[in-house]
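Q: generate coordinates for the sequence data below:
(2 chains)
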Amino acid sequence: MSKNFGESSTASATFAGFPERNLEDISQGSIVVFGAPADSTLPRRSGCSKGPKAIRQATMNALSCYFNSPSKSVVSIDTGKTTRFRSEAVGIDLGDLADCTEVSTETLKQIEKLTTGINDQGGLPVILGGDGRILEGFVNGLQRSLPELGVLVFSNRLDIPEANDLPSKALSTLLTSKPSSESYPLLAIGTNGIQPHKNWKEIQKIHGNIISAEDIHDQGIDAASNEIQQFSLQNKQILCVVDAGVLDTGYAAGTPSLNVGGLSPLQLIDILSKTNFTEKLVGVCVSNVAPSLDARGHSQYASAEALLAILGERLFEDIS
Amino acid sequence: MSKVDLNLSMQSVPSFFGAPIGDIEDLSEKKIAVAGLFCDHFSQGEPGARYAARQLRYASLPLLANGLKISTPSNIIDVGELNVFPIEPIKTQSILEEQSYRIQQTGARLLALGGDYSLIPALVSGQLKANPDCHLKFIRISRNLDAAEILDTQKNPMNRSSATRQIAEFCGGASSIAMLGVSDLSSIEEYEYLSDGFVRSAHQLSKSLTGLSEQIVDDLQDQEVGVYLSVDVDVLALPSIRSNSPYLGTGLSPEQLTSLISELGKLPIIGADVTGFIPDLDLSGSAASLTVIEIIRSVIEAMSQESALCH
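A: So this is what the prediction gives:
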């Protein structure tokens, strides 16, 4: 497909204009994107099944200033910094998992298997959700070969939601590694609202940390970015999770549950832009984007911008 | 016929700010002809801006009915929608140019509302045709530069991504262009093309507006200058406004934008447009429409001001 958004606005977009390929085409170091369009179930609002497609399109829109440039370069008018989109960046889009309409044990197994396959072939798996529950399959898939995984989660909650007959699970229970005083396996950013006390305690027990949305509103984004740097120093392999539910409902309403007092899109993107853990990245999960619940389209734009900021140097280079 | 005692309250036909509805023969000098643009077919972003003019007319009604501190500006006439041919770009370009020219020839000034930026080069071309001796300065308030290379004008004569470059060619080069409120990140080729022009980012404008108008026309003090003002609501940072550009969370607040437009009122504005607004067409959409109406009101005020700068 054309990388010029202007010429293909109605065409179905792949992530960042990557070619659509199969599992056999994965090469060492490539970014491998796939969608898991599993919808949320009651009592959560439905709409996440359209998330992967909306995130792909929003990513193309967010990159339009690069794609409108023949040299794929943009200049910052305020700082003079020039950045180029790496057209040569190796990446493929596998498309969406078929028969993945709702989260079930079977769906989670499929995600786990695919994630393991991508990881085994040296690819960087990027999953586009889908309900936040897909994270369980994704983490399990990564942990098969990466037991020392550090998980950086941007979410308003400290668990993954219940779905069908699967009960909710605390984030800390997803990790299989045994806690030690030197490990720092989990950092949750943007927690907001009432959270079960047990989940807080469990995170402390495994030596994880929580930076709440209120901390960020009070102390600024440095409270989060400084902690991410610490987390990055102590982990060799980082999985980054962006649950769109971390965003304040006033800015981005397209999520299965509401979040009053959450982060603004600019806060989320600024935090990610200020930190650099690209080299240690072993997986990215973006979930809980329900575009039909956000007529203004900000939820998918903010999620796409966040994803591009996470992939950072893998997609962009400074040529100032 | 029997006499019927009816106690009915009738609402007038919606028009911009409740302005009188007229046609080209009702226009004269000092008048502002407000026209709708029912066309977003050549836009590269999300469609929907074609409904803006209709929504803005409807949203004007409660403002007047509720007696908010808004009165119909005495110098405006709602001339309806400009004619367009949505699937025929060459014909649309030609007829927009002709209508802009004819309105300008009456001595009135055109304020086009709705639609998207791809239509504006045709309107500017009509203004230039009507004012051949005037040096036209084009001021665009938008997040995007839209100065990409012009490709096949025969195949695609109306293209938003190169609209600024088209206008620059009509006006005698990039030095006639002022781009205000631009997003921090812009295509390097487009930025370099506009290096002779005047470019300020939203961040730079949010610091100070002092002396901005003087700086824009600094090189034209002794010439007969006309200014065309083009406002795209994509410049707003507000998450509640839906425009046809991606939301990035940066830009100007409505207050900063109206202050900027007010500052530009020092210049002799001979034509203007407000484009890019996609109304939600529902109840929540009316709040956004009211914000855009305030912006349009500031454009009308700027157009009505006596120019303090230039001839």
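Q: what residues are up against the residue nearest to A:L174 when sequence neighbours are not counted?
A: The shortest distance from A:L174 to any non-neighbouring residue, by C-beta to C-beta, 6 or more residues apart in numbering or on different chains, is to A:V139 (4.7 Å). Placement of C-beta: from N, CA and C, glycine included. For A:V139, the contact set (C-beta atoms under 8 Å, 6 or more residues apart in numbering or on different chains) comprises A:L149, A:V151, A:L174, A:L175, A:L239.
Q: in chain B, which spans are helices?
A: B:52-65, B:89-105, B:120-130, B:163-171, B:188-193, B:202-207, B:212-216, B:254-264, B:283-304 (DSSP state H).
Q: the third one versus helix B:89-105: what angle between them?
A: Okay, so that is helix B:120-130. 40 degrees (axes from the mean of the first three to the mean of the last three C-alpha atoms, to 10 degrees).
Q: what's the average pLDDT for helix B:120-130?
A: Over the span of helix B:120-130, the pLDDT mean works out to 94.
Q: and if you look at the shortest one?
A: Confidence for helix B:212-216, expressed as mean pLDDT, is 88.
Q: other SSEs contacting it?
A: strand B:198-201, helix B:254-264 (3 or more C-beta pairs under 8 Å, 6 or more residues apart in numbering or on different chains; DSSP states H and E).
Q: chain B contacts on chain A?
A: Contacts of chain A with chain B, taken as C-beta under 8 Å from any C-beta of the partner chain, map to A:5-7, A:9, A:58, A:61-62, A:64-66, A:68-71, A:73-79, A:82-83, A:250-252, A:264-266, A:269, A:295-298, A:301-302, A:305.
Q: among those residues, the buried ones, what's the ChimeraX command?
A: In ChimeraX syntax, the buried subset of the residues of chain A next to chain B is picked out as below (16 or more other C-beta atoms under 10 Å in any protein chain shown):
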select /A:5,6,7,9,58,61,62,64,65,66,68,69,73,74,75,76,77,82,83,251,252,264,265,266,269,295,296,297,298,301,302,305
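Q: which strand or helix spans whichever residue of the stretch 51-200 of chain A sits closest to chain B?
A: Nearest residue of the stretch 51-200 of chain A to chain B (C-beta to the nearest C-beta) works out as A:S69 at 3.7 Å. For A:S69, there is no enclosing helix or strand under DSSP states H and E.
Q: roughly how far apart are the nearest residue to it once chain neighbours are set aside and B:S118?
A: Leaving aside its sequence neighbours, A:S69 sits nearest to B:S187 (C-beta to C-beta, 6+ apart; 3.7 Å). Separation of B:S187 from B:S118 (C-beta to C-beta, to the nearest Å): 17 Å.
Q: cool, and B:L257?
A: From B:L257 to B:S118 the distance is 22 Å (C-beta to C-beta).
Q: ok, now A:Q229?
A: From A:Q229 to B:S118 the distance is 45 Å (C-beta to C-beta).
Q: please apply the same query to A:S273.
A: A:S273 is 32 Å from B:S118, by C-beta to C-beta.
Q: again with B:P73
A: 28 Å.
Q: repeat for B:L96
A: Counting by C-beta to C-beta - B:L96 and B:S118 are separated by 10 Å.
Q: with A:G132 instead?
A: Taking C-beta to C-beta, one finds A:G132 at 40 Å from B:S118.
Q: and the residue nearest in space to the middle of chain B, what are its bridge partners?
A: For chain B, the residue nearest the mean C-alpha position is B:D273 (1.5 Å; C-alpha atoms, centre = their mean). Judged by DSSP bridges, the bridge partners of B:D273 are B:A112, B:S230.
Q: look at it and report its pLDDT.
A: Taking B:D273 on its own, its pLDDT is 97.
Q: and A:K50, by the same measure?
A: For A:K50, pLDDT reads 93.
Q: quick one on the thing from earlier: and A:G132 and B:S118? Which one has more around it.
A: A:G132 (32 against 27; other C-beta atoms under 10 Å in any protein chain shown).
Q: from B:T250, how far out is the residue nearest to B:Q204 when sequence neighbours are not counted?
A: Excluding the flanking residues, the one nearest B:Q204 by C-beta to C-beta, 6+ apart is A:D78, at 6.9 Å. Distance check for A:D78 against B:T250: by C-beta to C-beta, it reads 10 Å.
Q: top of the contacts of A:V139 by number of neighbours, please.
A: A:V151 (26 neighbours).
Q: tell me the SS of the residue nearest to A:L174?
A: Three-state call for A:V139 (DSSP: H, G, I helix; E, B strand; the rest coil): helix.
Q: what does A:V33 give?
A: Strictly by three-state DSSP, A:V33 counts as strand.
Q: for it, give its distance to chain B.
A: Here A:V33 is placed at a distance of 19 Å from chain B (C-beta to the nearest C-beta, to the nearest Å).
Q: check contacts around that residue.
A: Counting by C-beta under 8 Å, 6+ apart, the residues that A:V33 touches are A:T14, A:F15, A:F18, A:G91, A:I92, A:D93, A:L94, A:V126, A:I127, A:L128.
Q: so which of these sit within strands?
A: A:G91, A:I92, A:D93, A:L94, A:V126, A:I127, A:L128 (DSSP state E).
Q: number of residues surrounding the first one?
A: Taking other C-beta under 10 Å as the criterion, the count of residues near A:G91 is 24.
Q: for it, give me its contacts.
A: A:F15, A:A16, A:F18, A:S30, A:I31, A:V32, A:V33.
Q: and the nearest residue to the fourth one once chain neighbours are set aside, what does it touch?
A: Counting by C-beta to C-beta, 6+ apart, A:V90 is the residue found nearest to A:S30 once chain neighbours are left out, at 4.1 Å. Under the criterion of C-beta under 8 Å, 6+ apart, the contact partners of A:V90 comprise A:S27, A:G29, A:S30, A:I31.
Q: ditto for A:A306
A: A:F154, A:V242, A:L268, A:I269, A:L272, A:V286.
Q: related to what we said a few turns ago, let me have the contacts of A:V139 in TSV, extended by secondary structure and pLDDT.
A: Output for the contacts of A:V139, formatted as TSV (DSSP: H, G, I helix; E, B strand; the rest coil; pLDDT from 0 to 100):
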residue	secondary structure	pLDDT
A:L149	coil	92
A:V151	strand	95
A:L174	helix	90
A:L175	coil	88
A:L239	strand	96
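Q: now render the residues you listed as JSON lines, adding distance to B:I141.
A: Formatted as JSON lines, those follow (distance: C-beta to C-beta, whole Å):
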{"residue": "A:L149", "distance to B:I141": "48"}
{"residue": "A:V151", "distance to B:I141": "44"}
{"residue": "A:L174", "distance to B:I141": "48"}
{"residue": "A:L175", "distance to B:I141": "50"}
{"residue": "A:L239", "distance to B:I141": "42"}
